[in-house]
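# Fold the stuff below for me.
(one chain, ligands or ions: 1)
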Amino acid sequence: MYKVSQILPHETLDPDDWDSFRKLGHRMVDDMLDYLESIRERPAWQRAPEEIKRFFIADLPRESQTAEDIYEEFLEYVLPYPIGNIHPRFWGWVFGTGTVLGAMAEFLAAVMNTNAGDMDHHSANHVEKQVLTWIKEMLGYPVSASGLLTSGCSAANLIALIVARNAKAGYDLRSEGIKSGAKQMVLYASEEIHSSIQKAIEIIGLGNQALRRIPVDHDFQMNIPDLVAAVHKDRESGKEPFCVIGAAGTTNTAAFDDLGRLADFCSEEDLWFHVDGAFGAWAALTSSKNAVVGMERADSLAIDLHKWMYLQYDIGCVLVRNAALHKDAFFLRPAYLERAASEKGMTSGDLPWLTDYGFQLSRNFQALKAWMSIKEHGSRKIGRLIEQNINQAKFLADQIRDSKQLELMAPVSLNVVCFRYFSPEFSEGRMDKLNQEIMAELQESGIAVVSGTRIKGRFALHVAITNHRSAFSDFEILVGEVVKLGEQISKDLMKDRHNE
Ligand SMILES: Cc1ncc(COP(=O)(O)O)c(C=O)c1O
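Below you'll find the model as predicted:
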């Protein structure tokens, strides 16, 4: 006799044939390790051709396709056209490289497919809490602080500013919202602060006019007398100054605000002190740690681990000194998430859940790659790699200083070098054009990826070194190529000028 349930048809998404899937899985691992091992042999970037882009305008697959076929498509259409940041000569914007064990950890975490937001007595929450403790220790931040891994520094800045706004509103902002009659809450950051801060301010309903952009001095550091004057002026005109944001490494030039003086000022004026330390915070692990003195006094700190901790995207972190204020901003416990009445079961613990410190309920197990990578290398080696990148920035800066055709556009305070090819016969406008062309040609050639930015209005090649695969010789290649391209392109531009 069969039970009815035994004869009812039933499907799953698991492989029909585990053995052949296992073979495919092993092949994928081998291919990907080969790919990483030979990364130097490939271009830093190559443009995806039109036929590749067209491939992704396809009909919805209504029937099954084999995993083997899909993998072949991945090899042909996806893998050859990455943005390129795992390459040793990728230094555009501020991108991280990822580690090999980090890639494996992503797979392990995906197999577990744990939801790391809540519930008790499962490993993921403990791994994340462990990682948060290590981060605090590495950065010299109080261990009593609360924290949360995030998708990146944008999310970390957002969470920190939500906590700051609620803590400083002076009323129950969570329940009452932003009151139309209340004093306008305003906050301060240098004009070099990252755009994610503006986005966060817009998202939390303060409006971007609430952000006072304080001028910087010649080192691109916030001018503190201007900050003091702006706060006093705002108070006199009936505004409610509530927060100062210090930069520990700006995106443009890796400038550090004077965090110690900002911390003093904030405590004197009863202002929330937030630090955006996306990559620069990690200077704490190097001989440049003086740059971040004062960061440990911040009320909140936002950092990335997918930049200068070299981890796979995405992973960032927010830390908040006053854990209770952090939880006050996010804690919510509906009936379906109630803790168990007894000591048994998955909801029977009394430690806060990670979801209590952010806006996501379901969260992936990104802590695993951080835990494995920090254990694999240890904080000392990671510190040495960061130091190596700082020394590479100095090495590059020296080469630029030694070259008659190149010009440094900003002081090199850490790991970001802004420079340009210089031609005395060209106007500023033409020089911008020349360097934009150099950047684009360099990218198209696949030799290296650098990005562009503007320093005091002038276009600069932007080299942000957060890459553990770069060798010193890679920077010699960069300098040689920029000079070669600069000479060629200036000749073309001169011809254009004569023909105009
Ligand atoms: C200084 C700074 N803050 C914040 C961010 C935003 O970080 P994410 O891209 O991880 O969201 C960046 C990104 O480059 C940054 O450089």
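# Could I get the contacting residues of residue 88?
Residue 88 makes contact with 39-40, 467, 469-471, 474 under the criterion CB atoms under 8 Å, 6 or more residues apart in numbering. Placement of C-beta: from N, CA and C, glycine included.
# Compare these and tell me which has the most neighbours.
In terms of neighbours by other CB atoms under 10 Å, the contacts of residue 88 top out with residue 467 at 26 neighbours.
# Would you tell me whether the host helix or strand of residue 420 gets close to the ligand?
In this structure, residue 420 is located in strand 416-421 according to DSSP states H and E. No: interface with the ligand: strand 416-421 contributes nothing (CB under 6 Å from any ligand atom), its closest point being 9.5 Å away.
# Next SSE downstream of that strand?
Next element after strand 416-421 (DSSP H and E): helix 428-445.
# now for that next one, which elements pack on it?
The elements that helix 428-445 packs onto, with contact taken as 3 or more CB pairs under 8 Å, 6 or more residues apart in numbering; DSSP states H and E, are strand 416-421, strand 451-455, strand 458-464, helix 472-499.
# May I have the beta-bridge partners of residue 452?
Using DSSP bridges, the bridge partners assigned to residue 452 are residue 461.
# picking up where we left off before, can you redo the helices and strands packed on helix 428-445 as a markdown table with mean pLDDT and distance to residue 395?
Listed next are these as a markdown table, based on pLDDT from 0 to 100; distance: least, CB to CB, whole Å:
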| stretch | mean pLDDT | distance to residue 395 |
| --- | --- | --- |
| strand 416-421 | 98 | 10 |
| strand 451-455 | 97 | 20 |
| strand 458-464 | 98 | 11 |
| helix 472-499 | 91 | 6 |
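# So which of those is the most surrounded?
Among those, strand 416-421 has the highest mean neighbour count (mean count of other CB atoms under 10 Å), at a mean of 26.
# That one - which strands sit beside it in the sheet, and in what orientation?
Strands flanking strand 416-421 in the sheet, each with its direction: strand 406-408 (antiparallel), strand 458-464 (antiparallel) (DSSP bridges).
# Out of those, flag the one nearest residue 311.
For the strands paired with strand 416-421, the distance to residue 311 is smallest for strand 458-464, at 16.3 Å, taking CB to CB.
# Does the ligand have contacts with that closest one?
No: counting by CB under 6 Å from any ligand atom, the ligand is not contacted by strand 458-464; separation bottoms out at 8.1 Å.
# mind exporting that strand as PDB, just the C-alpha atoms?
Output for strand 458-464, consisting of C-alpha atoms alone and laid out as PDB, is shown next (Å, rounded to 0.1, in the frame of the first residue of the first chain):
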ATOM      1  CA  ARG A 458      40.900  71.100 -13.700                       C
ATOM      2  CA  PHE A 459      40.700  67.600 -15.000                       C
ATOM      3  CA  ALA A 460      43.000  65.100 -13.400                       C
ATOM      4  CA  LEU A 461      43.800  61.400 -13.800                       C
ATOM      5  CA  HIS A 462      42.800  59.700 -10.600                       C
ATOM      6  CA  VAL A 463      44.700  56.700  -9.300                       C
ATOM      7  CA  ALA A 464      43.300  55.200  -6.100                       C
END
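# Contact residues of this protein facing the ligand?
Within the chain, the positions near the ligand by CB under 6 Å from any ligand atom are 94, 152-154, 194, 196, 249-251, 276, 278, 304, 316.
# mind redoing it with 5 Å?
Selection of the chain residues close to the ligand by CB under 5 Å from any ligand atom yields 94, 152-154, 194, 196, 251, 276, 278, 304.
# ok, residue 126 - how many residues close by?
Under the neighbour criterion other CB under 10 Å, residue 126 is assigned a count of 14.
# any idea how far residue 374 lies from residue 226?
39 Å (CB to CB, to the nearest Å).
# err, residue 455, not the other one
20 Å.
# repeat for residue 348
Look at residue 348 and residue 226: by CB to CB, they are 54 Å apart.
# all strands of the stretch 101-250 of the chain, in order?
Listed in chain order, the strands found in the stretch 101-250 of the chain under DSSP state E, counting those that start in this stretch are 146-150, 185-190, 211-214, 240-247.
# packing partners for the longest one?
Of the remaining helices and strands, those touching strand 240-247 by 3+ CB pairs under 8 Å, 6+ apart are helix 153-168, strand 185-190, helix 224-236, helix 259-269, strand 272-276.
# Deepest in the core, which of the ones you listed is it.
strand 272-276 (a mean of 29).
# Report the angle between that strand and helix 259-269.
Taking axes from the mean of the first three to the mean of the last three CA atoms, to 10 degrees, strand 272-276 and helix 259-269 form an angle of 160 degrees between their directions.
# what's the model's confidence in strand 272-276, averaged?
For strand 272-276, mean pLDDT rounds to 98.
# and if you look at stretch 140-152?
98.
# next one: stretch 298-306
Computed over stretch 298-306, the mean pLDDT rounds to 98.
# Restrict that stretch to CA atoms and write it as PDB.
Once side chains and other backbone atoms are set aside, the C-alpha atoms of stretch 298-306 remain, and they are given as PDB (Å, rounded to 0.1, in the frame of the first residue of the first chain):
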ATOM      1  CA  ALA A 298      33.300  59.700  16.700                       C
ATOM      2  CA  ASP A 299      29.700  59.000  17.600                       C
ATOM      3  CA  SER A 300      29.400  56.900  14.500                       C
ATOM      4  CA  LEU A 301      31.800  55.600  11.900                       C
ATOM      5  CA  ALA A 302      31.100  54.300   8.400                       C
ATOM      6  CA  ILE A 303      33.700  52.100   6.600                       C
ATOM      7  CA  ASP A 304      34.000  49.800   3.700                       C
ATOM      8  CA  LEU A 305      35.500  46.300   3.700                       C
ATOM      9  CA  HIS A 306      35.200  45.900  -0.100                       C
END
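# For it, what is the distance to the chain centroid?
The chain centroid and the centroid of stretch 298-306 are separated by 10 Å under CA atoms, centre = their mean, to the nearest Å.
# again, but for stretch 447-460
A distance of 19 Å separates the C-alpha centroid of stretch 447-460 from that of its chain, computed with CA atoms, centre = their mean.
# Kindly report the same for stretch 189-203.
The chain centre lies 14 Å from the centre of stretch 189-203; the measure is CA atoms, centre = their mean.
# shift numbering so it begins at 825
OK, 825 is where the count begins now, so the last one is stretch 1013-1027.
# Between the two ends of it, what distance do you get?
With CA to CA, to the nearest Å applied, stretch 1013-1027 spans 17 Å between its terminal residues.
# Could you check it and say which residues are buried?
1013-1014, 1016-1018, 1020-1022, 1024-1025 (16 or more other CB atoms under 10 Å).
# Now render the strands paired with strand 1240-1245 as JSON lines, adding distance to residue 1317.
Rendered in JSON lines, the data for the strands paired with strand 1240-1245 read as follows (distance: least, CB to CB, whole Å):
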{"stretch": "strand 1230-1232", "distance to residue 1317": "17"}
{"stretch": "strand 1282-1288", "distance to residue 1317": "14"}
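# Looking at these, spot the one closest to residue 989.
strand 1282-1288 (30.1 Å).
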